[in-house]
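[1] Compute the structure for the input listed below.
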Amino acid sequence: MIPFFRKDFPSSKNELAQALDEALHRLVHKDGSMVNVRSRVFPYLDEIAINFDGARFDSLPSMPAPAVEPIKPAFEAAALTLSAQKISIRGVPLDLRMEARDVVLHKGADANGEAVLLVQEVGDGRLRVSVNRLELEKAIAQIGAHEAGRRGIALEEVRLAMRARGPRSLAADVRVQARKFLLRAKIDVCAQIDIDENLVMKIFLKCKSEGAIGSLACSALDPIFGRLNNKSFSFASLPLGKIQFRDVRLAVADTVELSADFGS
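    The predicted model follows:
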């Protein structure tokens with residue numbers, strides 16, 4: 001759902017493009033227009049194209065509250081595309097591409113009476129999210145160095161190794177060389193992600209080390225890992241209305257990639 005932060009609902013192709021652009025600029029840091037709407041016979045749209053390339057997200061967008069007024073048909077789009085190449089989410093660089101066909105969009109209003117746009121149905125869609133392995137290693141090192149520095153620990157080296165264990169499973173090993181004053185320790189963090197045939201994802205995380213510094217680092221991570229190890233995430237349970245994920249796949253090469261098919 002996309003909130004427009006205005007009472008009036010767009011009534012032309014140009015108004016729709018402007019309203020979408022203004023709403024998305026509230027979520028992301030990027031200069032210039034990000035939305036292009038093509039339509040020969042409004043409200044039937046040939047394409048809504050959103051371009052987030054090079055944008056910066058300081059945080060993941062929160063899930064908007066559901067519309068409180070009955071939703072009504074608004075537009076039909078032959079195609080909805082989103083390009084997000086070389087974006088940054090809280091310092092983590094990644095690429096994202098989404099394509100959807102035969103999209104039905106509805107309109108409604110939130111608790112403040114402001115207009116919202118909802119993607120109601122999708123005939124067929126594909127999503128791909130990927131991150132370069134070296135860039136991911138660098139991001140882990142930067143985030144780890146920040147957190148370790150708060151405890152007076154310096155990270156001298158961070159190495160990431162990943163391997164696929166199947167079309168919906170991957171394993172990762174993060175090896176860290178840490179130092180506090182004259183003391184050094186090697187810390188190993190092992191991670192595994194598995195997605196079953198029902199598209200339920202589970203994560204396993206474990207930290208192991210020797211020595212006082214390593215024990216201090218792992219003791220700080222263990223409560224976080226413990227909460228994640230006891231959780232599962234279902235792609236099928238996402239609040240997407242009639243839209244559902246049909247398949248989710250993981251792959252590891254020079255990039256780590258998650259791809260998914262979805263539709264109504």
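
[2] Can you list the buried residues in stretch 96-105?
    Judged by neighbour count using 16 or more other CB atoms under 10 Å, the buried positions of stretch 96-105 are L96, M98, A100, D102, V103, V104, L105. Using the backbone N, CA and C atoms, a C-beta is placed for each residue, glycine as well.

[3] A strand includes the first one, no?
    Spelled out, it's L96. Yes. Under DSSP: H, G, I helix; E, B strand; the rest coil, L96 sits within a strand.

[4] any idea how far stretch 235-254 is from the chain center?
    12 Å (CA atoms, centre = their mean, to the nearest Å).

[5] contact partners of that stretch?
    Contact with stretch 235-254 is made by 63, 66, 118-122, 125, 132-133, 162-164, 167-170, 193, 195, 198-201, 256-264, as judged by CB atoms under 8 Å, 6 or more residues apart in numbering.

[6] again, but for stretch 199-207
    Everything outside stretch 199-207 that qualifies as a contact, by CB under 8 Å, 6+ apart, is 187-196, 217-218, 221-222, 225, 228-229, 231-236, 245, 247-248.

[7] Buried residues, it. List them.
    For stretch 199-207, a neighbour-count test (16+ other CB under 10 Å) marks L199, M201, K202, L205, C207 as buried.

[8] From G166, how far out is the fourth one?
    What that stands for is L205. Applying CB to CB, to the nearest Å, the value for L205 to G166 is 19 Å.

[9] Now do the SS call for G226.
    The local conformation at G226, judged by three-state DSSP, is helix.

[10] Quick check: it vs C207, distance?
    When distances are taken as CB to CB, G226 and C207 turn out to be 11 Å apart.

[11] now do L82
    36 Å.

[12] which residues touch L24?
    By CB under 8 Å, 6+ apart, the contact list for L24 reads I2, M34, V35, I50, F52.

[13] Oops, could you answer that again for A178 instead?
    A178 makes contact with A148, I153, A154, L155, E156, R184, A185, K186, I187, I213, G214, A217 under the criterion CB under 8 Å, 6+ apart.

[14] hmm, try it at 10 Å
    Shown in contact with A178 (CB atoms under 10 Å, 6 or more residues apart in numbering): 144-145, 148, 151, 153-158, 184-187, 209, 211, 213-214, 216-217.

[15] Give me the buried stretch members for the helix or strand hosting it, please.
    Assigning secondary structure by DSSP states H and E places A178 in strand 169-180. Neighbour-count burial for strand 169-180, with 16+ other CB under 10 Å as criterion, is recorded at S169, L170, A171, A172, V174, V176, A178, K180.
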